[in-house]
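Colleague: Structure of the sequence below:
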Amino acid sequence: MALNVNERNLILIQALDFFTSSLAGIFVTVFLFVHSDFKTTILYSLISFSSLLFFLIMSGWTLRYIVSGLLVRLSLLGSAIFYLLLFLLREQAINYLIPLAIFNGCIGGNFWAAFNLNQYIFTSKDTRIKYFGSAIAFLNGLQALAPLIGGAIITFTGHLVFLGLPLGYSLLFLLVSLVLGFSALLIGKLPEHEIISFRFTDFMTHKRSSTWLYVLSIYFVYGSYDVALGTVTGILIYLIVRQEIFLGVTQTATFLLAALGGLLAIPLLHKHPRYFWIGGLGIPLGISLFAFNQNLVGLTLFTIITGVTTPFLDTWVSTVYFSTLDATHGNWINKYHLLIERDFALGTSRILSYIGVYIFIYFGDQVKLAKTWLLFLPLFPLIVGILLHLYAKSTKKIVQEHLVV
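Modeller: Presented below is the predicted three-dimensional model:
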C-alpha cells in the first residue's frame, strides 16, 4: 500500500528538519568542545534536553491555543534564529551557553510535540512499518550529503575572513539559518484537526495497561543511550579524524548505510517482527568494537554495523508505540496525555544519561573516561530488544494486525 499525501508531507517536513540538523548539529557539538571542553558540551546537552522535556510536557496547554501546523512553522523559524545567534556570537556563544541551550530545547520541544501529534493522526495503521522504514531511508539518504557539506565548509573556509568576520563555523551556522528560514516558508500546509482534550490530571487518573507499561519501559531504556551516544561518539570520532571534513565523511557514510538499513527493514519486519534483533544485537556489537578500538578500524566497523542495523530497531520501536496507541480505547483527541507520557519517559532517561556522563567524566581525564563510559552502553539496546520480545509475546494479536501491508 502506497503512502498517502499526508504521510509524504510529514516525511518531507521531517527531512528538512533532519537535513539542517545533520548539516550543523554534529558541528555544534564539536564547536562547543573545541572552544571549551567535554564537560561544557555535555552540560549544554543536559540543559537543552531538560528544556525540551519541559516544553513537551507544556505542549498539552500550548496546542490548545496554537494549531499544530503553525507550531511546526514557528519552531523552524525559531531554529533559524538559534543558528543566527551562533553566527553572531561565534566563540562568545560559550558565555551564553545556558540561555542558548534553553532556547534550543524550547524549539525542539514545541516542534516534536506538534509533529508527533500530526504523525499519529495522519499516518495509517496499515502502513506504519512502511512509513517509518521509508522515513528512515529517505531521511538518511537526504542527510547523507549534509555533514560532508558542513565539514567541507568549516575545513576549507576556516582560515578565511570576510568583512572582518572569520568564516568556518560562522559561515556554516549562517547558511543553516537561511535554509531553515526558507524551509519554514516552503513546507506544505498540514491538515487542520480538532483541538486535543488534555488535562494534567489525566496522568493521575488513567489506567496503564501492561502493554503501555512495556512501551514506557522500552522508551526509558532507549533514551538511556540514544542521544548521549551521539554526543560522545561525535567528539571521539573528531579526535580520531582530526578535521571537520573527515568527521563529515563518517557522518555521511553512516546516513547512507542507515538509508540502506531502512529499506531492508521494511520487507523483513513485515515478514516477521523478530528481525528487530538485527538492530538489538548489531548496535551493541558496533558500540563494543568502537569502545575497544579507538582508531580508524574501530570507527569503520562502528559506522558500518550501527549504520545498517539501527533502522531495524528504530522502525520496530516506533511501530510498537503507535500500535499500542491504536489499541488503547478512545478517540485520538483524548489520548494526548499518552504521547506526553511517552515523551516524559524518553526525555527523563535522556536527561539522566547526560547527568550520568557528566558525573562520570567530571573527576579525571575527560576523554579517557568518556571512552570508558562507552563500555557500559551495549547493555541498553540489548535490554530494549528483550523488552520488545516480551511485548510481542504479550500482544501477539496487536502486532500481527500491523504486519499487513
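Colleague: Now do the helices in the stretch 101-250 of the chain.
Modeller: 128-143, 145-157, 169-186, 202-205, 210-222, 226-241, 244-271 (DSSP state H, counting those that start in this stretch).
Colleague: what packs against the third one?
Modeller: With contacts defined as 3 or more Cβ pairs under 8 Å, 6 or more residues apart in numbering; DSSP states H and E, the packing partners of helix 169-186 are helix 5-35, helix 68-89, helix 145-157. In short, each C-beta sits where N, CA and C put it, glycine included.
Colleague: Among the helices of the stretch 101-250 of the chain, single out whichever gets nearest to Arg90.
Modeller: Of all those, helix 169-186 sits nearest to Arg90, with 5.4 Å by Cβ to Cβ.
Colleague: which stretches of the stretch 151-300 of the chain have low pLDDT?
Modeller: Along the stretch 151-300 of the chain, the parts satisfying pLDDT under 70 run over 158, 160-166, 186-191.
Colleague: Please verify my assumption that Pro147 contacts Ala253.
Modeller: No. Applying Cβ atoms under 8 Å as the test, Pro147 and Ala253 come out as separate, 9.4 Å apart.
Colleague: Neighbour count: those two, which is higher?
Modeller: Comparing Pro147 with Ala253 by other Cβ atoms under 10 Å, the one with more neighbours is Pro147, at 26 against 18.
Colleague: Identify the residue nearest that one in space, chain neighbours excluded?
Modeller: In space, Pro147 comes closest to Gln251 once its chain neighbours are excluded; the distance is 3.4 Å by Cβ to Cβ, 6 or more residues apart in numbering.
Colleague: What is the neighbour count of the one you found?
Modeller: By other Cβ under 10 Å, neighbour count at Gln251 equals 25.
Colleague: the helices in the stretch 251-400 of the chain, which residues?
Modeller: Taking DSSP H, counting those that start in this stretch as the criterion, the stretch 251-400 of the chain contains helices spanning 277-292, 296-327, 336-362, 366-374, 379-394, 396-401.
Colleague: picking up where we left off before, most tightly surrounded among the helices of the stretch 101-250 of the chain?
Modeller: helix 128-143 (a mean of 23; mean count of other Cβ atoms under 10 Å).
Colleague: helices and strands around that one, which ones?
Modeller: Against helix 128-143 (3+ Cβ pairs under 8 Å, 6+ apart) you get helix 5-35, helix 244-271, helix 296-327.
Colleague: Name all residues that make contact with Gly141.
Modeller: Applying Cβ atoms under 8 Å, 6 or more residues apart in numbering to Gly141 gives the contacts 255-256, 259.
Colleague: At the geometric centre of the protein, which residue do we find?
Modeller: Val227 (6.8 Å; Cα atoms, centre = their mean).
Colleague: Might one say that Ser50 is in contact with Cys106?
Modeller: No. Ser50 lies out of contact with Cys106 (Cβ under 8 Å); the separation is 11.0 Å.
Colleague: any weak-confidence spans in the stretch 1-150 of the chain?
Modeller: Checking the stretch 1-150 of the chain against pLDDT under 70 turns up 1-2, 25-27.
Colleague: roughly how far apart are Ile81 and Lys207?
Modeller: Taking Cβ to Cβ, to the nearest Å as the measure, Ile81 falls 42 Å from Lys207.
Colleague: So for those two, which residue has more residues nearby?
Modeller: Ile81 (13 against 5).
Colleague: how about the residue nearest to Pro147, what does it touch?
Modeller: Gln251 is in contact with 22, 26, 146-148, 151, counting by Cβ under 8 Å, 6+ apart.
Colleague: Kindly recompute the last result at 10 Å.
Modeller: 22-23, 25-27, 143-144, 146-148, 150-151, 234, 237, 303 (Cβ atoms under 10 Å, 6 or more residues apart in numbering).
Colleague: So what's the residue count around Trp61?
Modeller: Burial of Trp61 is recorded as 12 neighbouring residues (other Cβ under 10 Å).
Colleague: hang on, it packs against Phe200?
Modeller: Yes. Judged on Cβ atoms under 10 Å, Trp61 makes contact with Phe200 at a distance of 8.5 Å.
Colleague: Contacts only, for Val317.
Modeller: 132, 215, 218-219, 222, 276, 279-280, 384-385, 387-388, 391.
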